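Chemist: What follows is a predicted protein model with its sequence.
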Amino acid sequence: MDITKLCDQHTSVVGLQWGDEGKGKIVDILSEHFDLAVRWNGGSNAGHSVQVGDQKYAFHLIPSAILRPQCISVLANGVVIDPVQLICEIDSLQQRGITFENNLKISSQAHVVMPYHSLQDRLAEEKLGDKKIGTTARGIGPCYADKASRHFAVRMADLIDPERLRSRLAHIVPEKNSIFQALFGSAPMDWRPIFEEYVPLGQRLKPLVCNTTTLLHQAMASAKRVLFEGANATLLDLDHGTFPFVTSSNCGTGVCVGTGVPPQAIGRVLGVVKAYSSRVGGGPFPTEQVNINGEKIRQRGREFGTTTGRPRRCGWLDLVAVRYAASVTGATGLCIMLLDVLSSFDEINVCVQYATPDGNTDEFPADAIELSHVQPIYHTLPGWHDELNLVHSADALPKEARAYIGFIEEHVGVPVQMVSVGPGRDQTLMLG
Ligand code: GDP
Ligand code: IMO
Ligand code: MG
């Protein structure tokens, strides 16, 4: 299939596992054919890698489309923005010769991650000890909590207006001090130095801030094509993931909420799936392999976090979980990533059902306690030994690799439309 056939409608790209499926690579490739690319959830907890030739990029807040000069990159309402991280990302890209001031837009209604959010994230995790979630410590949960509770929220519209920021911080920080002191016994913070530090950050970002909902609606009305870049992934979704071991946004299901775009506008949903499973942080992981197989996957797949550098937990592909994620996201097509990592296994296991105390099931229990009690039931497929990195067409894949893809497609019930056999742009095979 020609890639442009996947780019003729507004398209949402979303991870169907626990993150790090290769969403950044897919967005980079597709964005060549889109006019706008929109991050709509999460914040700098995301780490999206893009490789162009020998150049590697790791995006945390900036959309992975930023390398495409014709594509406007948008941070929509649902993103939580740490201005220090964002400016750091902007500066480091500019130092690498990438200029984009005119094609990066930030929603005035996006919430701002303040230093007390990251502090609260760290202190809360420390206090939980071995019950911790294993967050990225980027302040994501506390910022979304303040958004939901409303009284302590700071939005981009506040950040870029010094008087509004002053009044927000003078109200919020003393309240935070009482809470932090009671919960963590921490020393009080003074709001004034925070204000002094954040005013210039707001002024730096101000030219990029606008009403992104209007921007998106106008773009769609004038036949521009929009690509939506999900961060984190469906099994980390606040409402549909393995709660409480999730992130604090609707990272599988919230594209309309995060952007103000209506559901019927989105014509295609590409579910990004690793050819195996990985997870960072705590929480149940039925197919985890704490053995030589897991270690082999980690080494071959270089499974170390893009944001935190933590070794990722690795295991076999879990089709019960992927089928569930495909259904809640409405995936219309799958992108199977990192297939090359599985070369050199004699046999590959794929989980097709769970054994539970009440019998076998096809259903994914999106509840951490229930999920921690299931046992995976595996189907074993023959592996292959050829390296795949130089394969340029699906027909040239070893027959065992083609059978593996066919098995995934059949069990998930969604067509596989792309297969990735390396981090590079040209290591991408189109199917169908
Ligand atoms: P994201 O968070 O979903 O964007 O994924 P990450 O960027 O965190 O992690 C995916 C990693 O796999 C990155 O280092 C990519 O460069 C790399 N990658 C993407 N696709 C492939 C592939 O097909 N094969 C290999 N070996 N690496 C890949
Ligand atoms: P990308 O977009 C993998 C995980 C964290 C932790 C949990 C909560 O790169 O796929 P948080 O800091 O969000 O409160 O952490 O969610 N997590 C991710 N894991 N990839 C991500 O993003 C993640 N974003 C959050 O490891 O377990
Ligand atoms: Mg990542």
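Modeler: Here it is on my side, so go on. Numbers count the residues shown, from 1 in each chain. Ligands and ions are numbered 1, 2, ... in the order given.
Chemist: Spell out, range by range, the helices that occur in the stretch 101-250 of the chain.
Modeler: Under the criterion DSSP state H, counting those that start in this stretch, the stretch 101-250 of the chain contains helices at 115-128, 140-149, 156-159, 162-184, 191-205, 212-221.
Chemist: hey, C-alpha coordinates of the longest one in PDB?
Modeler: Put plainly, it is helix 162-184. The C-alpha coordinates for helix 162-184 follow below in PDB (Å, rounded to 0.1, in the frame of the first residue of the first chain):
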ATOM      1  CA  PRO A 162       2.000  38.500  34.700                       C
ATOM      2  CA  GLU A 163      -0.900  40.000  36.700                       C
ATOM      3  CA  ARG A 164      -3.000  36.900  36.400                       C
ATOM      4  CA  LEU A 165       0.000  34.700  37.300                       C
ATOM      5  CA  ARG A 166       0.800  36.800  40.300                       C
ATOM      6  CA  SER A 167      -2.700  36.500  41.600                       C
ATOM      7  CA  ARG A 168      -2.900  32.800  41.000                       C
ATOM      8  CA  LEU A 169       0.500  32.000  42.700                       C
ATOM      9  CA  ALA A 170      -0.200  34.300  45.700                       C
ATOM     10  CA  HIS A 171      -3.400  32.300  46.300                       C
ATOM     11  CA  ILE A 172      -2.100  28.800  45.400                       C
ATOM     12  CA  VAL A 173       1.300  28.500  47.000                       C
ATOM     13  CA  PRO A 174       0.300  29.300  50.600                       C
ATOM     14  CA  GLU A 175      -2.500  26.700  50.200                       C
ATOM     15  CA  LYS A 176       0.000  24.200  48.800                       C
ATOM     16  CA  ASN A 177       2.300  25.000  51.700                       C
ATOM     17  CA  SER A 178      -0.300  23.900  54.300                       C
ATOM     18  CA  ILE A 179      -1.100  20.700  52.300                       C
ATOM     19  CA  PHE A 180       2.600  19.800  51.800                       C
ATOM     20  CA  GLN A 181       3.500  20.500  55.400                       C
ATOM     21  CA  ALA A 182       0.600  18.300  56.700                       C
ATOM     22  CA  LEU A 183       1.300  15.500  54.200                       C
ATOM     23  CA  PHE A 184       5.100  15.500  53.800                       C
END
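Chemist: and the angle from it to helix 140-149?
Modeler: Angle between the axes of helix 162-184 and helix 140-149 is 110 degrees (criterion: axes from the mean of the first three to the mean of the last three C-alpha atoms, to 10 degrees).
Chemist: Now helix 162-184: buried residues?
Modeler: The neighbour-count check on helix 162-184 (16 or more other C-beta atoms under 10 Å) flags L165, R168, L169, I172, V173, K176, N177, F180 as buried. To be clear about C-beta, it is placed using only N, CA and C from the backbone, and glycine gets the same treatment.
Chemist: residues making contact with it?
Modeler: 114, 116, 119-120, 123-124, 127, 151-152, 154, 157-159, 186, 188-191, 194-195, 198-199, 202 (C-beta atoms under 8 Å, 6 or more residues apart in numbering).
Chemist: ok, back up a step: closest to ligand 1 out of the helices of the stretch 101-250 of the chain?
Modeler: Among these, helix 140-149 comes nearest to ligand 1, with 14.5 Å by C-beta to the nearest ligand atom.
Chemist: Let me know the average pLDDT across that closest one.
Modeler: Helix 140-149 carries an average pLDDT of 98.
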